[in-house]
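**Q** Pasting the sequence and the predicted model now:
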Amino acid sequence: MYPVSLASETATGLSFYKGESYRIGQVGSFVRIPLGYTSLFGIVSQVGAGAAPKTEGEIHPWGNQWLKVQLVGERGRAGKFERGVSQHPTINDAVHIVTEEDLREIYGPGDPVDFVTVGQLASAESIPALVNINKLVTRHSAVVGTTGAGKSTTVAGLLASLTHPTRYPSARIVVLDIHGEYAKALADRSTVFRVAPDVGKGEKQLRIPFWALSFDELINLSFGKLGEQPLAAVADAIVALKRESLGNKAREGITEERLTVDSPVPFCIHKLWFDFYQREHGTVVPKPGATADDVESAYVLGPDKKPAQLGDAMSVTAPQYRTVKTTGVAHERVQLRRISTHCSQTGLAAHLRSRFWTCLECLRRS
């Protein structure tokens, strides 16, 4: 940090050069310190004024008005601005205002092809504010500022520049516009997706496939909070359904050996519900003339002695099972289905149907 005093012949903070007016000592403005063939550039970080002299003849060694400068770069013999400094100023070195020509060198791009315009400099509106496109899209970036500083305007300008139809015809950008700030600014080149779209404005319905969610997200959406054993049962069932789907249609980059419960593989949510319903509510009876362990599903029978309702996964229709009966002759006794699972008596099918009903209804109508 270098202290700088204002020359005594400068009556005000305003100076003129080649017909242009320049404010002297504004915080955030640039100054230039010539050192032979090199010019150092700094940014004004602080301004102030010394105490008034006690006597009329007293002379303040630094003047009554001063500012502090943070050096940021230099311009050498080649005339190109570079960040960082190779030397430092000394006492009584002259400090000059920075003209528009100097600002063009500081803010000018090295290669115009790699830069996009996001606006103009506040201190020189004729000079565009440029951003290195390669560095911007290959690194994490943040636009910060106080309320009303222009964050949204800056982001909109960036998006407009990066999606220029002539310069970047293949650009594809996904914007999570939570507050709906950018649809109007990019109306000529964007498609807006909403959960509840306004068709009159050309918006489209936002649909996120449930199978693309992570396992934790899917559980929170469709089941809610589960214990350790039911959670394991759901994970096993989903992996089995995804494995079945992968066998029917291969997916690039996903093999059966690498398949996990989080792998983005489509599966049938109807089958998941139907499987849990059968596990939790299914009853069985012994097959006629077979051993006690050889059983079949105990459906409610109609007048024609055929199952009244077998159930249908795709329409979310539950099968009708006979109630448990432990008395009577052996072939008439009805027992719960004996399936080795962690999910019995946990109501997973009911949870899935009640919490995910809207999605199931949409799938049924599609």
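**A** Alright, I've got the coordinates. These numbers were taken from a predicted model, which means no experiment stands behind them.

**Q** Report how many residues lie close to R243.
**A** 14 (other Cβ atoms under 10 Å). Where C-beta positions appear, they are placed from N, C-alpha and C, glycine not excepted.

**Q** domain parsing for this protein?
**A** 2-51+62-107, 112-205, 215-365 (automatic domain parsing).

**Q** Please list all residues in contact with the closest residue to C268 other than its chain neighbours.
**A** Closest residue to C268 apart from its sequence neighbours, by Cβ to Cβ, 6 or more residues apart in numbering: L241 at 6.3 Å. Applying Cβ atoms under 8 Å, 6 or more residues apart in numbering, we find L241 in contact with F267, C268, K271, L272.

**Q** In helices, which of the residues you listed fall?
**A** K271, L272 (DSSP state H).

**Q** now stretch 324-340: mean pLDDT?
**A** Averaged over stretch 324-340, pLDDT sits at 76.

**Q** residues in contact with that stretch?
**A** 278-279, 282-286, 288, 292, 295, 297-298, 322-323.

**Q** One more pass at 10 Å, please.
**A** Stretch 324-340 is contacted from outside by 275, 278-290, 292-293, 295, 297-298, 321-323, 344-345, using Cβ atoms under 10 Å, 6 or more residues apart in numbering.

**Q** center of this protein - which residue?
**A** Taking Cα atoms, centre = their mean, the centroid of the chain lies closest to L176, which sits 6.2 Å from it.

**Q** and that residue, helix, strand or coil?
**A** Look at L176: counting by DSSP: H, G, I helix; E, B strand; the rest coil, its state is coil.

**Q** thinking again about what came up before, is the residue nearest to C268 within a helix or a strand, and which one?
**A** helix 228-248 (DSSP states H and E).

**Q** Could you export that helix as CSV, CA atoms only?
**A** What follows is helix 228-248, C-alpha atoms only, in CSV (Å, rounded to 0.1, in the frame of the first residue of the first chain):
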residue,chain,number,x,y,z
GLU,A,228,-32.6,-49.7,8.2
GLN,A,229,-34.3,-53.0,7.2
PRO,A,230,-37.1,-51.5,5.0
LEU,A,231,-34.5,-49.3,3.4
ALA,A,232,-32.4,-52.3,2.5
ALA,A,233,-35.5,-54.1,1.1
VAL,A,234,-36.3,-51.2,-1.2
ALA,A,235,-32.7,-50.9,-2.4
ASP,A,236,-32.6,-54.6,-3.3
ALA,A,237,-36.0,-54.4,-5.1
ILE,A,238,-34.9,-51.3,-7.1
VAL,A,239,-31.5,-52.9,-8.1
ALA,A,240,-33.4,-56.0,-9.3
LEU,A,241,-35.8,-53.9,-11.4
LYS,A,242,-32.9,-51.9,-12.9
ARG,A,243,-31.0,-55.1,-13.7
GLU,A,244,-34.1,-56.4,-15.5
SER,A,245,-34.3,-53.1,-17.5
LEU,A,246,-30.6,-53.2,-18.3
GLY,A,247,-31.0,-56.7,-19.6
ASN,A,248,-33.9,-55.6,-21.9
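
**Q** for it, the distance to its chain's centre please.
**A** 28 Å (Cα atoms, centre = their mean, to the nearest Å).

**Q** and what of stretch 191-211?
**A** With Cα atoms, centre = their mean, you get 18 Å for stretch 191-211.

**Q** for stretch 32-47, same thing?
**A** 40 Å.

**Q** what are the C-alpha coordinates of it, in PDB please?
**A** What follows is stretch 32-47, C-alpha atoms only, in PDB (Å, rounded to 0.1, in the frame of the first residue of the first chain):
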ATOM      1  CA  ARG A  32      -0.200   5.400 -13.300                       C
ATOM      2  CA  ILE A  33       3.300   5.800 -12.000                       C
ATOM      3  CA  PRO A  34       5.900   6.100 -14.800                       C
ATOM      4  CA  LEU A  35       9.300   4.700 -14.000                       C
ATOM      5  CA  GLY A  36      11.500   5.100 -17.100                       C
ATOM      6  CA  TYR A  37      10.200   2.800 -19.800                       C
ATOM      7  CA  THR A  38       7.900   1.100 -17.400                       C
ATOM      8  CA  SER A  39       4.600   2.300 -16.000                       C
ATOM      9  CA  LEU A  40       3.200   0.900 -12.800                       C
ATOM     10  CA  PHE A  41      -0.600   0.800 -12.400                       C
ATOM     11  CA  GLY A  42      -2.400   0.800  -9.100                       C
ATOM     12  CA  ILE A  43      -6.000   1.000  -7.800                       C
ATOM     13  CA  VAL A  44      -7.000   3.700  -5.300                       C
ATOM     14  CA  SER A  45      -8.100   1.900  -2.100                       C
ATOM     15  CA  GLN A  46      -8.400   4.800   0.300                       C
ATOM     16  CA  VAL A  47      -8.700   8.600   0.300                       C
END
